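*Asks:* Quick one, fold the following:
(chains A and B)
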Amino acid sequence: LPICPNGSVNCQISTGDLFDRAVKLSHYIHSLSTEIFNEFDERYAQDRGFITKSINACHTSSLNTPEDKVQAQQIQHEDLLNLVLRVLRSWNDPLVHLVSEVQGIKEAPDTILWKAIEIEDQTKRLLEGMEKIVKRVQPGDLGNEVYSLWPGPPAVQVADDDSRLFAFYNLLHCLRRDSHKIDNYLKLLKCRLIQDSSC
Amino acid sequence: GQTAPEKPEIIKCRSPEKETFSCWWKPGYDGGLPTNYTLLYTKENHPEVIECPDYKTSGPYSCYFDKKHTSLWTIYIIVVNATNEKGSNASEPFFVDVTYIIEPYPPTNVSLTVEKKHLLVKWFPPLLVDVKYGWLTLVYELRLKSEKAQEWEIHFTGKQTHFKVFSLHPGENHVVQVRCKPDHGFWSEWSPESYVQIPKIFQEKDMTVW
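*Replies:* Prediction:
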């Protein structure tokens, strides 16, 4: 469905449609993130105890995000929208790294590579959409401060297979988590802003 | 003779509405002595050890975490200790994030109404689930068959809580069930069976295309 039909001038998509598209994308991105995590976990992480090391290890854990419904109800929608934007932006660099890193993993199936590329592409599209929504919902400075919470890929010796696999596992674990957060918050915002909390 | 209890095993954790959750464990052999069970947990970015807040609500060998004790996007590290006079034994640690263990209860109040050309099925979300606010998004699936038939006819209805069924067998009793699933999570059980008798003179929908 093209954003604006050809030849249309001043075509203005409704905020509701923008939210619809954003939620479809965020749902899809989280489903892909779950699939790629499960696929990697089954193939490379069994019995390695990676989950114990991935506790408190997400680069976005310093972002103060609501962790339950009450906290989510108490936060202003402008703040929640900006949080979604910050989480999305914080994944720009890691997703570029993820795609390049996949190609270095021994016998990584094509499906993992394809999903990594697809997640990177769709996350860019979602970020574009979110910036449109934020401009619509709160005209004014988008607050496009350049920041990156991600410290960059860990300095890992190529030979140290376990560390490289853990670094990758942790990235996928955090991606699954953050993509779920984004999806959850967007569905909540859509209900609140578009459907007057009556979904 | 009497011994220390065998180590228990944590078997499952589930959240019915993304606001609370419960975990269950399987006790080992109790060593022939009265044995007491204690569930202890820590949470990501909360290293202090906390005991289960409620051992009763979810039945035997369980722990119920109410809203105050439930956080999403957070790993819980859970251990169950079995203790009797002769000693104690701890389960393996169980890692769980409530985000990924959502399994709702079945939909409620399934109603069936025979209309002129179709059967109208309506239902409500399970109790305690906050769909209106958007914290949890549910999708539904309906299955129906004539009582005599073997095969179910399954319809995915998305977020809709009503559905019109046209393919019916006049004069036969039909059974209908509905289930639901969060946008990311596990299917519920099917709702209890609901029955409806389709009248003999029921007018099939005219399916001629040309």
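*Asks:* Return the residues in contact with residue B:169.
*Replies:* The contact partners of residue B:169, taken as CB atoms under 8 Å, 6 or more residues apart in numbering or on different chains, are B:146, B:149, B:198. For glycine as for every other residue, the C-beta is placed from the backbone atoms N, C-alpha and C.
*Asks:* From residue B:182, how far out is it?
*Replies:* To residue B:182, residue B:169 is 34 Å away according to CB to CB, to the nearest Å.
*Asks:* Filter the contacts of residue B:169 down to the buried ones and hand me the PyMOL line.
*Replies:* With 16 or more other CB atoms under 10 Å in any protein chain shown as the criterion, this PyMOL line picks the buried residues out of the contacts of residue B:169:
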select buried, chain B and resi 146+198
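*Asks:* I'd like the contacts of residue B:169 written out as a markdown table, with pLDDT added.
*Replies:* A markdown table is the format used below for the contacts of residue B:169 (pLDDT from 0 to 100):
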| residue | pLDDT |
| --- | --- |
| B:146 | 95 |
| B:149 | 94 |
| B:198 | 93 |
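*Asks:* give me the number of residues near residue A:136?
*Replies:* 14 (other CB atoms under 10 Å in any protein chain shown).
*Asks:* didn't it look like it was pressed against residue A:18?
*Replies:* Yes. Residue A:136 lies in contact with residue A:18 (CB atoms under 8 Å); the separation is 6.8 Å.
*Asks:* The closest residue to chain B within chain A: what secondary structure?
*Replies:* For chain A, the residue closest to chain B is residue A:191, as judged by CB to the nearest CB, at 3.0 Å. Counting by DSSP: H, G, I helix; E, B strand; the rest coil, the backbone at residue A:191 sits in helix.
*Asks:* Contact partners for residue 53?
*Replies:* You didn't say which chain, so I picked chain A. By CB under 8 Å, 6+ apart, the neighbours of residue A:53 are A:166, A:170.
*Asks:* Chain B was what I was after
*Replies:* Residue B:53 sits next to B:63-66, B:68-69 when contact means CB under 8 Å, 6+ apart.
*Asks:* How about the residues of chain B by chain A?
*Replies:* With CB under 8 Å from any CB of the partner chain as the criterion, chain B comes near chain A at residues B:18-19, B:44-45, B:67, B:70-75, B:77, B:95, B:97, B:99, B:130-135, B:137, B:183-184.
*Asks:* List the buried residues for stretch B:160-171?
*Replies:* So stretch B:160-171, judged by 16+ other CB under 10 Å, has buried residues B:161, B:163, B:165, B:168.
*Asks:* Among those residues, which lie within strands?
*Replies:* The members of the buried residues of stretch B:160-171 that map onto strands under DSSP state E are B:163, B:165.
*Asks:* Which of the buried residues of stretch B:160-171 sits closest to chain A?
*Replies:* Checking the buried residues of stretch B:160-171 one by one against chain A (CB to the nearest CB), the nearest turns out to be residue B:161, at 11.6 Å.
*Asks:* Let me know how buried the closest residue to that closest one other than its chain neighbours is, in neighbour terms.
*Replies:* Spatial nearest neighbour of residue B:161, excluding adjacent residues (CB to CB, 6 or more residues apart in numbering or on different chains): residue B:123 at 5.5 Å. Neighbour count of residue B:123, defined by other CB under 10 Å: 26.
*Asks:* ok, back up a step: now, which of the contacts of residue B:169 sits nearest residue A:172?
*Replies:* Residue A:172 lies nearest to residue B:149 out of those, by CB to CB, at 44.4 Å.
*Asks:* Not counting its neighbours along the chain, what's nearest that closest one?
*Replies:* In space, residue B:149 is closest to residue B:169, 7.9 Å off (CB to CB, 6+ apart).
*Asks:* Among the residues of chain B next to chain A, which are located in strands?
*Replies:* Members of the residues of chain B next to chain A lying in strands (criterion: DSSP E): B:75, B:77, B:95, B:97.
*Asks:* The residue of chain A closest to chain B and residue B:159 touch, don't they?
*Replies:* No. Counting by CB under 8 Å, residue A:191 stays clear of residue B:159, with 11.4 Å between them.
*Asks:* Comparing these two, which residue is more hemmed in?
*Replies:* More crowded of residue A:191 and residue B:159, by other CB under 10 Å: residue A:191, with 22 against 13.
*Asks:* lowest average confidence, helix or strand, in chain B?
*Replies:* Ranked by mean pLDDT, DSSP states H and E, the weakest helix or strand in chain B is strand B:46-51, scoring a mean of 93.
*Asks:* To what extent is residue B:76 buried, counted in neighbours?
*Replies:* Counted with other CB under 10 Å, the neighbours of residue B:76 add up to 23.
*Asks:* Spatially, what comes nearest to the residue in chain B that chain A sits nearest to if we skip its sequence neighbours?
*Replies:* Going by CB to the nearest CB, chain A is nearest to residue B:134 of chain B, at 3.0 Å. Among residues not flanking residue B:134 along the chain, residue A:191 sits closest, at 3.0 Å (CB to CB, 6+ apart).
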